[in-house]
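**Student:** Dropping a prediction and its sequence here:
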Amino acid sequence: MNIKFSKYQGAGNDFILIDHRMSPLKNIDNELVAQLCHRRFGIGADGLMFLLDHEDYDFEMVYYNADGKPGSMCGNGGRCIVAFAKHLGVFDNETNFLAVDGPHYAKITAEGNWVELQMIDVEQVEQDGEAFVLNTGSPHYVAQVENLASLDVFNQGKAIRNNETYQANGINVNFVEPKPDRLFVRTFERGVEDETYACGTGVTAVAMAMAKHQQQIGKVETPIEVLGGKLQVNFNYDGQKFTDVFLCGPAEKVFDGELDV
Ligand SMILES: N[C@H](CCC[C@H](N)C(=O)O)C(=O)O
């Protein structure tokens, strides 16, 4: 079976995208997803997505993590599939699509490489010791640290993700170091089981955790630096609830390809 795919990346979080409307692939098994995402034996990606038709929305996003299992919401993946859908001519500059955590609105620049993606409203922010735990479409653990550039994100993130509290369902672990003009964030991602260059739901969770911590009330705009580039998170915070949440950043096509499976 010949499958066409495109490879996209958003701030270094990279994805395989398949237009399911055209694809002969009707069911995908987890092993094939894991093989395609593998960086030695496959195309290489942090996740794989299908773009599906939907009666009530411009399209539907179905996301798998690199380990082959269906994932929860992926923010950078969401931004990349918006760029993919625009390039396919599914919509022009604004879209409403459906993902695993519900409907999302997004807008994209005319050139198609800067995407502002609305994320779910968030109210519940818990604490685990000094860390914040919240769900922005995916579950996140946010810990503030010093000297993040030299932190062993892989081993420290892996230990938290696999501790007694989180082992069963897993969690994405985000470390943040506030800088004068931005937040520097590094993430150990569940389902990739490694550090990734960026995590969209992760930086959204970090910006919220920091706003709550510092009681930043009103319209909050947070520039973020990740290993793979720059992202921005905007929202309103009334001291209780985060609304009008937007994850903004680049989404670029890397190449188109074909494979026989
Ligand atoms: N990279 C993603 C997170 C994927 C979610 C996944 N790691 C999970 O917890 O299922 C993002 O940009 O939001």
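**Tutor:** Here it is on my side, so go on.
**Student:** List, one by one, the residues from the stretch 151-261 of the chain near the ligand.
**Tutor:** For the stretch 151-261 of the chain, the contact set with the ligand under C-beta under 6 Å from any ligand atom comprises 172, 189, 190, 191, 199, 200, 201, 202. In short, each C-beta sits where N, CA and C put it, glycine included.
**Student:** Tell me both backbone torsions, phi and psi, for the first one.
**Tutor:** Spelled out, it's residue 172. Per-residue torsions, residue 172: phi -90, psi 130 (degrees, to the nearest 10).
**Student:** May I ask you to confirm that it is in contact with residue 203?
**Tutor:** No. Counting by C-beta atoms under 8 Å, residue 172 stays clear of residue 203, with 10.7 Å between them.
**Student:** from what I can see, residue 206 looks like it's in a helix, true?
**Tutor:** Yes. Per DSSP: H, G, I helix; E, B strand; the rest coil, residue 206 lies within a helix segment.
**Student:** separation between it and residue 228?
**Tutor:** To residue 228, residue 206 is 15 Å away according to C-beta to C-beta, to the nearest Å.
**Student:** between those two, which one's more packed in?
**Tutor:** Taking other C-beta atoms under 10 Å, residue 206 and residue 228 do not tie; residue 206 has more neighbours (30 against 19).
**Student:** Tell me how many other residues crowd residue 82.
**Tutor:** 30.
**Student:** Next, it: secondary structure please.
**Tutor:** Relying on three-state DSSP, one would call residue 82 helix.
**Student:** right, and it touches residue 95 too?
**Tutor:** Yes. Counting by C-beta under 8 Å, residue 82 sits close enough to residue 95 to count as a contact (6.2 Å).
**Student:** anything in contact with each of those two?
**Tutor:** Common neighbours of residue 82 and residue 95 (criterion: C-beta atoms under 8 Å, 6 or more residues apart in numbering): 106, 108.
**Student:** circling back to that earlier point, more neighbours: residue 172 and residue 203, which one.
**Tutor:** Using other C-beta under 10 Å as the criterion, residue 172 and residue 203 rank with residue 203 on top: 30 against 26.
**Student:** helix/strand/coil for the more buried one?
**Tutor:** Classified using three-state DSSP, residue 203 is helix.
**Student:** Quick check: bridge partners of the nearest residue in space to it that is not next to it in sequence?
**Tutor:** Nearest non-adjacent residue to residue 203, counting by C-beta to C-beta, 6 or more residues apart in numbering: residue 224, 4.6 Å away. In this entry, residue 224 is beta-bridged to residue 183, residue 231, by DSSP bridges.
**Student:** So for residue 34, what's the nearest residue that isn't a sequence neighbour?
**Tutor:** Nearest to residue 34 is residue 68, by C-beta to C-beta, 6+ apart, at 3.4 Å.
**Student:** how close does the one you found sit to the ligand?
**Tutor:** Look at residue 68 and the ligand: by C-beta to the nearest ligand atom, to the nearest Å, they are 12 Å apart.
**Student:** In contact with that residue, which residues?
**Tutor:** By C-beta under 8 Å, 6+ apart, the neighbours of residue 68 are 29, 30, 31, 32, 33, 34, 35, 37.
**Student:** what about the residue located most distally from the centre of the chain, distance to residue 52?
**Tutor:** Distance from the C-alpha centroid of the chain peaks at residue 1, with 29.5 Å (C-alpha atoms, centre = their mean). Noted for residue 1: a distance of 18 Å to residue 52, by C-beta to C-beta.
**Student:** now, among the contacts of residue 68, which is nearest to the ligand?
**Tutor:** residue 37 (12.0 Å; C-beta to the nearest ligand atom).
**Student:** what separates the closest residue to the closest one other than its chain neighbours from residue 124, distance-wise?
**Tutor:** Excluding the flanking residues, the one nearest residue 37 by C-beta to C-beta, 6+ apart is residue 66, at 4.0 Å. Between residue 66 and residue 124 the computed distance is 28 Å (C-beta to C-beta).
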